[in-house]
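Asks: dropping a prediction and its sequence here:
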Amino acid sequence: MRQPDQGALVLGIETSCDETAAAVVTAGAEIRANVIASQVDLHRRYGGVVPEVASRQHVPAVLPVVDTALREAGAGPESLAAVAVTRGPGLVGALLVGVAAAKGLALAWGVDLVGVNHLEGHVYSARLEDPGLAPPYLCLIVSGGHTDLVWVEADGRYRLLGRTRDDAAGEAFDKSARVMGLGYPGGPAIDRAAAGGDPEAVPFPRAMLEDPSLDFSFSGLKTAVVQFYRRARAAGKEPPLADVAASFQQAVVDVLVKKTIRAARETGASRVAVVGGVAANSVLRRDMAAAAARAGLALTIPRPALCTDNAAMIAYAGYHRWRLGHRDDLSLDVRANLPLETGAGAAQEPAGAVANPTG
Ligand code: KG4
Ligand code: ZN
């Protein structure tokens, strides 16, 4: 068993949704390889991720992706300290493929196995971007399945401050994009379509801003987009797509920025990280940077390739769990609703803590 040192390598495997990914990362946060086989083109024709299709696609993809990552990293199994794998939250069938592969490889190579929480992976993506970032800090996780404001107390110790009460921010992008006639995934499509549009053209609602909690709600926004089109068309007008997309995007971004700054004020945080697929959004990045600067907060938003699902963040989160002494054996199972507060641990999960079903 290798001891922690800056050169220790961890292989990460991620199959929680529609990306089959493998990466090799060092203890010093250096990304030696970050490989992703995306199924997006396949799911696009269904307008979203089809769970059975996703699981099936992971099967032939996972080992070649691991091989490619090791080759690109110039690393053999003997140089690995651990194999880290996402065990939840996510699609059960999809998670099972990654976990089965990781178990087989760890067993065959005689390397430690570490199960990782996908959300903890997103949290660590900020530390890959900025290795100087250390707890405590505030983290906004905005993905397809989650919109969580999390206080990162220490490595592996999290406190949930606020969350969406219905749709996640990414889900709002994906659903509203469909209403606008844009393809899947909706987030990048709206980001592109909004370029040059007027963000004040349509006054879409900013839900929960008056609410004293740090929770969010985005389901009303999709309904507002549907109603807006219905009224416009009844009046014989087809509004410019760029204006609708820009107005929608601004409504989501305004709420995310305001609540994050409020959470920073309430917790006394001086450092903030924004992670997850929606953190790739150009307007969120711009507005969050401006608001953080005004509030005197240090802000880390990973480069877009580390915001969307990847295995580098799983490898790095896995490295930290491994450094803290966590090891899993072949009984490691998957959990569709794995909550973040307890990291990837199984035994200490609080009863009844249920997160959104996807990562
Ligand atoms: O973190 P992620 O890749 O997967 C999950 O863990 O869910 O996040 C995916 C979500 C999708 O809803 C996608 O539409 C959204 O992130 N997304 C974006 C952008 N890029 C990806 N949303 C807004 N703007 C973007 N540029
Ligand atoms: Zn994710």
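Replies: Thanks, I have it. Ligands and ions are numbered 1, 2, ... in the order given.

Asks: so where's the longest helix in the protein?
Replies: helix 241-267 (DSSP state H).

Asks: which elements pack onto the helix or strand just after that one?
Replies: Toward the C-terminus, helix 241-267 is succeeded by strand 271-275 as the next helix or strand (DSSP states H and E). Helices and strands touching strand 271-275, by 3 or more CB pairs under 8 Å, 6 or more residues apart in numbering; DSSP states H and E, are helix 118-129, strand 137-142, helix 241-267, helix 282-295, strand 298-300. Glycine gets a C-beta too; all of them are placed from N, C-alpha and C.

Asks: again, only this time at 7 Å
Replies: Identification of packing neighbours for strand 271-275 by 3 or more CB pairs under 7 Å, 6 or more residues apart in numbering; DSSP states H and E yields helix 118-129, strand 137-142, strand 298-300.

Asks: is the first one positioned near ligand 2?
Replies: Same thing as helix 118-129. No: contact of helix 118-129 with ligand 2 is not found when judged by CB under 5 Å from the ion; the minimum separation is 5.6 Å.

Asks: what's the answer for stretch 269-279, then?
Replies: No: when contact is scored as CB under 5 Å from the ion, no part of stretch 269-279 falls within range of ligand 2; the minimum is 5.8 Å.

Asks: where does Ala240 land on pLDDT?
Replies: For the record, residue 240 is Pro, not Ala. Looking at Pro240, its pLDDT reads 95.

Asks: tell me the buried residues in stretch 210-222?
Replies: With burial defined by 16 or more other CB atoms under 10 Å, the residues of stretch 210-222 counted as buried are 214-219, 221-222.

Asks: among the residues you listed, name the ones in helices.
Replies: Using DSSP H to define helices, the subset of the buried residues of stretch 210-222 located there is 219, 221-222.

Asks: in space, what's closest to Gly276 - neighbours in sequence excluded?
Replies: Nearest-residue entry for Gly276: Ser143, 3.6 Å, with adjacent residues in sequence omitted and distances by CB to CB, 6 or more residues apart in numbering.

Asks: my read: the one you found touches Val275, true?
Replies: No: using CB atoms under 7 Å as the test, Ser143 is too far from Val275 to be in contact (8.2 Å).

Asks: who touches both of these two?
Replies: Taking CB atoms under 7 Å, 6 or more residues apart in numbering as the contact rule, the neighbours common to Ser143 and Val275 are His122.

Asks: buried stuff in the lowest-mean-pLDDT helix or strand in the chain?
Replies: When each helix and strand of the chain is scored by mean pLDDT, DSSP states H and E, helix 40-44 comes last, with a mean of 88. Buried residues in helix 40-44, counted by 16+ other CB under 10 Å: His43.

Asks: dihedrals phi and psi, the residue nearest to Ile36 when sequence neighbours are not counted?
Replies: Nearest-residue entry for Ile36: Ala21, 4.5 Å, with adjacent residues in sequence omitted and distances by CB to CB, 6+ apart. Ala21 has phi and psi values of phi -130, psi 150 when expressed as degrees, to the nearest 10.

Asks: would you reformat the helices and strands packed on strand 271-275 as TSV and include mean pLDDT?
Replies: What follows is the helices and strands packed on strand 271-275, written out as TSV (pLDDT from 0 to 100):
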stretch	mean pLDDT
helix 118-129	98
strand 137-142	98
strand 298-300	98
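
Asks: let me have the ones you listed in TSV, extended by mean neighbour count.
Replies: Conversion of the helices and strands packed on strand 271-275 to TSV gives the following (neighbours: other CB atoms under 10 Å):
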stretch	mean neighbour count
helix 118-129	28
strand 137-142	27
strand 298-300	19
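
Asks: Serialize these to JSON lines and add fields for distance to ligand 1.
Replies: Below are the helices and strands packed on strand 271-275 laid out as JSON lines (distance: least, CB to the nearest ligand atom, whole Å):
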{"stretch": "helix 118-129", "distance to ligand 1": "6"}
{"stretch": "strand 137-142", "distance to ligand 1": "7"}
{"stretch": "strand 298-300", "distance to ligand 1": "16"}
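
Asks: distance of the residue nearest to Ile36 relative to ligand 2?
Replies: Here Ala21 is placed at a distance of 10 Å from ligand 2 (CB to the ion, to the nearest Å).

Asks: ligand 2 contacts on the stretch 101-250 of the chain?
Replies: Taking CB under 5 Å from the ion as the test, the list of the stretch 101-250 of the chain residues beside ligand 2 reads Ser143.

Asks: looking at the stretch 51-200 of the chain, what residue ends up closest to ligand 2?
Replies: The minimum distance from the stretch 51-200 of the chain to ligand 2, using CB to the ion, falls at Ser143 (4.3 Å).

Asks: residues of the stretch 51-200 of the chain that sit close to ligand 1?
Replies: 143-145, 170, 173-174, 185-188, 191 (CB under 6 Å from any ligand atom).
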